[in-house]
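> predicted structure and sequence below. I'll ask about it afterward.
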Amino acid sequence: MPANKNKNKKRRRTAERPTTHPRNKYLDNPPDFALLASLYPSFKPFVFFASGGRPRIDWTNFNATRELTRVLLLHDHRLNWWIPDGQLCPTVPNRSNYIHWIEDLLSSDIIAKTTTNGDKVRGFDIGTGANCIYPLLGASLLGWSFVGSDMTDVALEWAEKNVRDNPHISELIEIRKVESGENILPAEGSSNEALVSTESKIDMTEDMATEGHACLNTGYYGPPILLGVVRDGEEFDFCMCNPPFFETMKEAGLNPKTSCGGTPAEMICPGGEKAFITRIIEDSIALKHTFRWYTSMLGRKSNLKLLTSKLWEVGATVVKTTEFVQGQTCRWGLAWSFLPPAKKIVSSHVAEKNNLSFMLEGLDQKFGAIRVLQSVESYFRDGGALCKLNTSSFTVDITAKNHHSDAVLKSESQNCDRVPSCKDVQEACRSSSYLELPSNNLSFRVSVFQQTPGTLLVKGSLQQRDGQLSGAFSSTFRRLEEVMKQKFGGEK
Ligand SMILES: C[S@@+](CC[C@H](N)C(=O)[O-])C[C@H]1O[C@@H](n2cnc3c(N)ncnc32)[C@H](O)[C@@H]1O
């Protein structure tokens, strides 16, 4: 292939995946399975060649995903690593995004460095897991030091082993046991009430009380997270956390397309990620300036909105969010601080308007991502737009022109028996804001991600950089949101 064609392909790929961090080494160089198989004989049995000749692995085979992680950490990061069967297996490109985002936060100077350890960066990884992935990556990529906490024996034993097996960075990482028996009460002065939402309240049963678990009205009960684990006089530049996202293993649903393991202790906690992160927020109110940045990853966009408003309510001085996308996985990052910001934050308004999203929640299991994509495709195709559905990347590429709006309107009223509350749709269609498309083409991509069984994230990305098209894109996408919510909300 000619060099400039290759370059264009690379450039296009970069533009299509704006949320993979630009410094992530896998952005333009995804793992080369054939090369890795030729270098590491233990990886070779897991690599096969699909019909097009492309080397692949079976993502539903835990041994294959674990071996891939092992060889990537060894090959790209000089890290020796292993986890026992069934423990959560991290994907290296995905976890690297979070590390690079923290690097951005620290170097942005939004919050000036306050810790007394000079240029050195010290982080706290809440729930480091048996895989200890964040301390290993942070120490090897950036020379950061870490405390990695956890509570299960298997996580502590294997995290320590993974640190010991890498003597070049072992001095930088301390694995700290969280004592589960302690009863940590909310710190005096913490604005606990501000954090309480009725639906997140979980009653403490007698058993829990006798076991000595703390029960705060954040909805979280269980071992301490930061308060009671961070020691007097300690200071950190940041904390990070990949929390247990789910409330039940059924909800965790375990993506049938991949097998990354994950035991109940790793995947679930009462109240799910909302309760867990609410507890981190509560601890942060008490610990305030002990950390320059508090951060957590989230698996649900609806929780991101809710927790962001809570943070403003409780007096955070800065709240930042981001989105991590790697393949078919979409996650969010939330960061906040109680220190005074040193720098005015300029929001990237256009970028936000060019990437929009909405969630379809509480869907019947029969409405998978493909079904929603097909519905998106026929919605725009019926209106005369050009559509290209790609079922392997879960995307539809759409190119629409101004005159398509009338056609979509017409076809929608003809198809109204398929859409519940059709009258409402027609009313909305008649409103002047309906599909105000510009005279030139509007090209955008709609992607669908499965978050949990019954919850899909629908993302739209404008493919053109022309700022004048953002408004038309925004009204078109919002209109799609209305139609999809009516269609899939009412068909259960
Ligand atoms: C989703 S796993 C994350 C593991 C690893 N950091 C990763 O990204 O793959 C969540 C981890 O949090 C741990 N955990 C749960 N509650 C905790 C607590 N209160 N303090 C510390 N760790 C906790 C679990 O044992 C589990 O290892």
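Sure, I can see it.

> going by C-alpha atoms from here, please, whenever you check contacts or count neighbours.
OK.

> which residues touch the closest residue to Ala37 other than its chain neighbours?
Excluding its sequence neighbours, the residue lying closest to Ala37 (Cα to Cα, 6 or more residues apart in numbering) is Lys44, at 4.3 Å. Listed by Cα atoms under 8 Å, 6 or more residues apart in numbering, the contact partners of Lys44 are Leu36, Ala37, Ser38.

> settle this for me: the first one is touching Val71, isn't it.
What that stands for is Leu36. Yes: using Cα atoms under 8 Å, Leu36 makes contact with Val71 at a distance of 7.3 Å.

> okay, and the common contacts of the two?
Shared contacts of Leu36 and Val71 (Cα under 8 Å, 6+ apart): Phe43.

> burial of Asp283, as a residue count?
Using other Cα atoms under 10 Å, the number of residues around Asp283 comes to 20.

> just the buried ones from the contacts of Lys44?
Buried members of those, scored by 16 or more other Cα atoms under 10 Å, are Leu36, Ala37.

> so for stretch 68-84, what gets flagged as buried?
By neighbour count on 16+ other Cα under 10 Å, the buried set for stretch 68-84 is Leu68, Thr69, Arg70, Val71, Leu72, Leu73, Leu79, Asn80, Trp81, Trp82, Ile83.

> over to stretch 39-59?
Using 16+ other Cα under 10 Å as the test for burial, stretch 39-59 gives Phe43, Lys44, Phe46, Val47, Phe48, Pro55, Ile57, Trp59.

> with stretch 140-157 instead?
Buried residues in stretch 140-157, counted by 16+ other Cα under 10 Å: 140, 143-152, 155-156.

> pick out the most distant pair among these.
Using Cα to Cα, the pair of the buried residues of stretch 140-157 lying farthest apart is Gly143 and Thr152, separated by 26.7 Å.

> in stretch 285-295, what counts as buried?
Under 16+ other Cα under 10 Å, the buried positions of stretch 285-295 are Ile285, Ala286, Leu287, Lys288, His289, Thr290, Phe291, Arg292, Trp293, Tyr294, Thr295.

> among those residues, name the ones in strands.
Members of the buried residues of stretch 285-295 lying in strands (criterion: DSSP state E): Phe291, Arg292, Trp293, Tyr294, Thr295.

> need these in CSV (columns: distance to Asn166 and pLDDT).
Converted to CSV, those look like this (distance: Cα to Cα, whole Å; pLDDT from 0 to 100):
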residue, distance to Asn166, pLDDT
Phe291, 27, 97
Arg292, 28, 96
Trp293, 27, 97
Tyr294, 27, 98
Thr295, 26, 98
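
> can I get the residues you listed in TSV with distance to Ile169?
What follows is these, written out as TSV (distance: Cα to Cα, whole Å):
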residue	distance to Ile169
Phe291	23
Arg292	23
Trp293	23
Tyr294	24
Thr295	23
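
> quick one: stretch 227-237 near the ligand?
No: counting by Cα under 6 Å from any ligand atom, the ligand is not contacted by stretch 227-237; separation bottoms out at 8.4 Å.

> neighbours around the closest residue to the ligand within the stretch 201-350 of the chain, how many?
Nearest to the ligand, among the residues of the stretch 201-350 of the chain, is Glu266, at 3.8 Å (Cα to the nearest ligand atom). By other Cα under 10 Å, the residues close to Glu266 number 22.

> spit out the contact partners of the spatially closest residue to it that is not a sequence neighbour.
In space, Glu266 comes closest to Pro244 once its chain neighbours are excluded; the distance is 5.7 Å by Cα to Cα, 6+ apart. Applying Cα under 8 Å, 6+ apart, we find Pro244 in contact with Ala265, Glu266, Met267, Ile268, Cys269, Gly272, Glu273, Phe276.

> give me the subset of these lying in helices.
Judged by DSSP state H, helices contain the following of the contacts of Pro244: Ala265, Glu266, Met267, Gly272, Glu273, Phe276.

> pLDDT value on the fifth one, please?
Here the pLDDT value assigned to Glu273 is 95.

> begin at 33, not 1, for the rest of this chat.
All right, first residue 33 from here; so that's Glu305.

> hang on, isn't it packed against Phe278?
Yes: between Glu305 and Phe278 a contact is recorded at 6.3 Å, counting by Cα under 8 Å.

> shaky segments in the protein?
By pLDDT under 70, the weakly predicted segments of the chain are 33-51, 147, 213-250, 285-290, 375-384, 434-472, 484, 499, 522-524.

> break it into its domains for me.
The chain resolves into domains spanning 124-378, 386-522 when parsed by automatic domain parsing.

> need these in a markdown table (columns: distance to Asp64).
A markdown table is the format used below for the domains of the chain (distance: least, Cα to Cα, whole Å):
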| stretch | distance to Asp64 |
| --- | --- |
| domain 124-378 | 13 |
| domain 386-522 | 19 |
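
> my read is Phe481 is in a strand, agree?
Yes: judged by DSSP: H, G, I helix; E, B strand; the rest coil, Phe481 forms part of a strand.

> between its first and last residues, how far does stretch 317-325 reach?
One end of stretch 317-325 to the other measures 12 Å (Cα to Cα, to the nearest Å).

> quick one: residues contacting Asn112.
Counted by Cα under 8 Å, 6+ apart, Asn112 has contacts Arg102, Leu105, Leu106, Asn194, Asp197, Asn198.

> from those, which is closest to the ligand?
Lowest distance from the ligand to these (Cα to the nearest ligand atom) belongs to Asn194, with 12.7 Å.

> which neighbouring elements make contact with the helix or strand hosting the closest one?
Assigned by DSSP states H and E, Asn194 belongs to helix 185-196. Using 3 or more Cα pairs under 8 Å, 6 or more residues apart in numbering; DSSP states H and E, the elements in contact with helix 185-196 are strand 205-209.

> which other residues reach the strand it packs on?
With contact meaning Cα under 8 Å, 6+ apart, strand 205-209 is reached by 167, 171, 177-183, 188, 191-192, 195.

> that strand versus helix 185-196: what angle between them?
Compare the direction of strand 205-209 with that of helix 185-196 by axes from the mean of the first three to the mean of the last three Cα atoms, to 10 degrees and you get 170 degrees.

> out of the contacts of strand 205-209, which touch the ligand?
Within the set of the contacts of strand 205-209, contact with the ligand (Cα under 6 Å from any ligand atom) is found for Ser181, Asp182, Met183.

> what residues does the stretch 233-382 of the chain put near the ligand?
Residues of the stretch 233-382 of the chain that fall close to the ligand, judged by Cα under 6 Å from any ligand atom: Pro255, Pro256, Ile257, Asn274, Pro275, Pro276, Ala297, Glu298, Met299.

> my guess is the residue of the stretch 233-382 of the chain closest to the ligand contacts Asn163. True?
No: using Cα under 8 Å, Glu298 is not in contact with Asn163, being 11.0 Å away.

> mutual contacts of those two, please.
Common contact partners of Glu298 and Asn163 (Cα under 8 Å, 6+ apart): Gln119, Leu120.
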